[in-house]
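Q: Compute the structure for the input listed below.
(one chain, ligands or ions: 1)
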Amino acid sequence: MGVIDRTPDIETRRLRLRAPRMDDAPRMAELCNDFDIGRMVSGMPWPYRRADAEDFIARCALADRRTDAAFLIEHDDEGVVGGLGFRTRPEAPLEVGYWIGKPFWGRGIASEALIGAMAWAGRDWKKRVVAAGHFSDNPASGRVLCRGGFLYTGQVRLRACKARGEDVPSRAMIWLA
Ligand SMILES: CC(C)(COP(=O)(O)OP(=O)(O)OC[C@H]1O[C@@H](n2cnc3c(N)ncnc32)[C@H](O)[C@@H]1OP(=O)(O)O)[C@@H](O)C(=O)NCCC(=O)NCCS
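A: Here you go, the predicted structure:
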């Protein structure tokens with residue numbers, strides 16, 4: 001596989017997934033400074049400030065494009081509405097995660113973004129296996145992952161949640177190209 005030198009754009013019916021830019025930091029901070037997002041993801045700080053968004057965006061720019069890819073989700077009418085990222089941690093498989101700003105929940109945006117991202121990951125990024133997980137008290141994300149083609153492995157593991165400050169049971173899922 002050749003090295004991808006920039007994060008590509010992924011287009012879906014209503015959405016464009018593209019690399020975050022430093023001028024996205026205020027919008028990211030506005031949407032992510034929400035405990036209902038932080039409590040459902042593993043590593044996002046809460047409260048979430050503009051400096052947290054700037055750190056995140058700076059780290060994305062330095063990431064190895066063979067193993068990591070971060071996108072913001074832009075809606076045709078609403079601008080940036082969320083984020084989706086693939087990352088590889090030491091000794092762990094490639095994993096996908098995402099969030100959608102609360103004003104935009106329940107409109108099929110996470111599902112549409114994930115379906116588009118998985119098509120790209122298999123077809124263009126040439127990935128064959130992607131893991132994901134959702135906290136047991138987050139069935140909506142389970143629905144999104146099922147629609148994205150993920151299956152439950154049956155494993156439930158405790159995972160740290162930074163915003164809650166505790167470990168939370170997480171249901172493991174897997175996608176195979
Ligand atoms: C989970 C999240 C990404 C969903 O985003 P969204 O754009 O509203 O998702 P969609 O509209 O594409 O789909 C949500 C699905 O969950 C279902 N759903 C919503 N609330 C639910 C609940 N309490 N129980 C079961 N299913 C639920 C919806 O009916 C929909 O399924 P359907 O399309 O089959 O009807 C969003 O709520 C979010 O960002 N939450 C906080 C962060 C997070 O959870 N990230 C994922 C971590 S694993």
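Q: What pLDDT is listed against Met22?
A: Note for Met22: predicted pLDDT of 96.
Q: Check the secondary structure at the residue nearest to Arg143 when sequence neighbours are not counted for me.
A: Counting by CB to CB, 6 or more residues apart in numbering, the nearest residue to Arg143 once its immediate chain neighbours are dropped is Ser111, at 7.7 Å. To be clear about C-beta, it is placed using only N, CA and C from the backbone, and glycine gets the same treatment. The three-state assignment at Ser111 reads helix, by DSSP: H, G, I helix; E, B strand; the rest coil.
Q: which stretches of the chain aren't confidently modelled?
A: Along the chain, segments meeting pLDDT under 70 span 1-5.
Q: I'd say the residue nearest to Arg143 and Gly149 touch.
A: No: the pair formed by Ser111 and Gly149 falls short of the contact definition of CB atoms under 8 Å, at 10.8 Å.
Q: how about the residues of the chain that lie near the ligand?
A: The chain has residues 37, 40-41, 97-100, 105-111, 134, 138-141, 143-144 near the ligand, with proximity defined as CB under 6 Å from any ligand atom.
Q: Show the buried residues in the residues you listed.
A: The neighbour-count criterion (16 or more other CB atoms under 10 Å) marks 37, 40-41, 97-100, 109-111, 134, 138, 141, 144 among the residues of the chain next to the ligand as buried.
Q: Among those residues, which lie within helices?
A: Among these, DSSP state H puts Ile37, Ile109, Ala110, Ser111, Ser141, Val144 in helices.
Q: quick one, what contacts the last one?
A: When you say that, I think you mean Val144. Neighbouring residues of Val144 by CB atoms under 8 Å, 6 or more residues apart in numbering: Tyr98, Ala110, Ser111, Leu114.
Q: try 7 Å
A: By CB atoms under 7 Å, 6 or more residues apart in numbering, the contact list for Val144 reads Ala110, Ser111, Leu114.
Q: Output those as CSV; include the columns distance to Tyr48.
A: As requested, these are arranged in CSV below (distance: CB to CB, whole Å):
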residue, distance to Tyr48
Ala110, 18
Ser111, 24
Leu114, 22
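Q: circling back to that earlier point, just the closest of the buried ones among the residues of the chain next to the ligand to Pro8, please.
A: For Pro8, the closest of those turns out to be Tyr98, at 17.0 Å, with distances computed as CB to CB.
Q: my guess is that closest one meets Leu84, correct?
A: Yes: judged on CB atoms under 7 Å, Tyr98 makes contact with Leu84 at a distance of 4.0 Å.
Q: Can you work out which residues contact both of these two?
A: Ala113, Leu114.
Q: gap between the helix or strand harbouring Ala53 and the chain center?
A: Counting by DSSP states H and E, the element that carries Ala53 is helix 50-62. Its chain's C-alpha centre lies 15 Å from the corresponding centre of helix 50-62 when counted by CA atoms, centre = their mean, to the nearest Å.
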